[in-house]
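Q: Attaching a predicted model along with its sequence, questions to come.
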Amino acid sequence: MATSGTIMCAGDALAQRLEGRRGPLDWQRSFVTVSWNTLVFAPTFLYWFRALDRRWPGNAPRAVFAKVAVNSAVMALPINVAFLTYTLTLEHVLRTPQATPARPKQA
């Protein structure tokens, strides 16, 4: 999982530079993508791909095609919905100022 997070961090930093971002990196954005990849994506797909390999072992063209087809049909939509939900929610939480209790007015 640590390797996954490290690669995601490097990839996000590169993506920010390719977008033409000048100055410091957006570390909140990097945190969101790295946390997604480390906490959700990597563990989910570790077990998912193990299950696919148990069902269609080997790397013969037929097994590879079956794994790709099932992965695309079953996981593509849910993982993308989960990614968008996770990232948008976490970005909103991180960028929203925390509510502070109102101080009573002094007389």
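A: On my side now, so go ahead. Numbering: from 1, shown residues only.
Q: now the strands for this protein?
A: Assigned by DSSP state E, the chain shows no strands.
Q: Spatially central residue for it, please.
A: Trp36 (3.3 Å; CA atoms, centre = their mean).
Q: and that one, how far is that from Asn80?
A: Distance from Trp36 to Asn80, counting by CB to CB, to the nearest Å: 12 Å. Backbone N, C-alpha and C define where each C-beta goes, glycine included.
Q: Could you do Ala42 as well?
A: With CB to CB as the criterion, Ala42 and Asn80 are 16 Å apart.
Q: Show me which of these two is the more surrounded one.
A: For the pair Ala42 and Asn80, the greater number of neighbours falls to Ala42 (17 against 10), based on other CB atoms under 10 Å.
Q: Can you read off the pLDDT for the closest residue to that one other than its chain neighbours?
A: Distances taken as CB to CB, 6 or more residues apart in numbering place Ser4 nearest to Ala42, at 3.9 Å, with adjacent residues excluded. You'll see Ser4 listed with a pLDDT of 89.
Q: Thr85 too?
A: Looking at Thr85, its pLDDT reads 97.
Q: contacting residues around it?
A: By CB atoms under 8 Å, 6 or more residues apart in numbering, the contact set of Thr85 is empty.
Q: Residues contacting stretch 18-27, please?
A: Taking CB under 8 Å, 6+ apart as the rule, stretch 18-27 contacts 13, 16.
Q: Helices of this structure, residue ranges please.
A: Taking DSSP state H to define them, one finds helices in the chain at 2-18, 27-36, 42-55, 61-95.
Q: Could you tell me the angle between the longest one and helix 27-36?
A: The directions of helix 61-95 and helix 27-36 differ by 140 degrees, with axes from the mean of the first three to the mean of the last three CA atoms, to 10 degrees as the criterion.
Q: what comes up buried for helix 61-95?
A: Within helix 61-95, the residues scored as buried using 16 or more other CB atoms under 10 Å are 67, 75, 79, 86, 90.
Q: hmm, back to that, against Asp53, how distant is the residue nearest to Ala42?
A: Distance, Ser4 to Asp53, by CB to CB: 18 Å.
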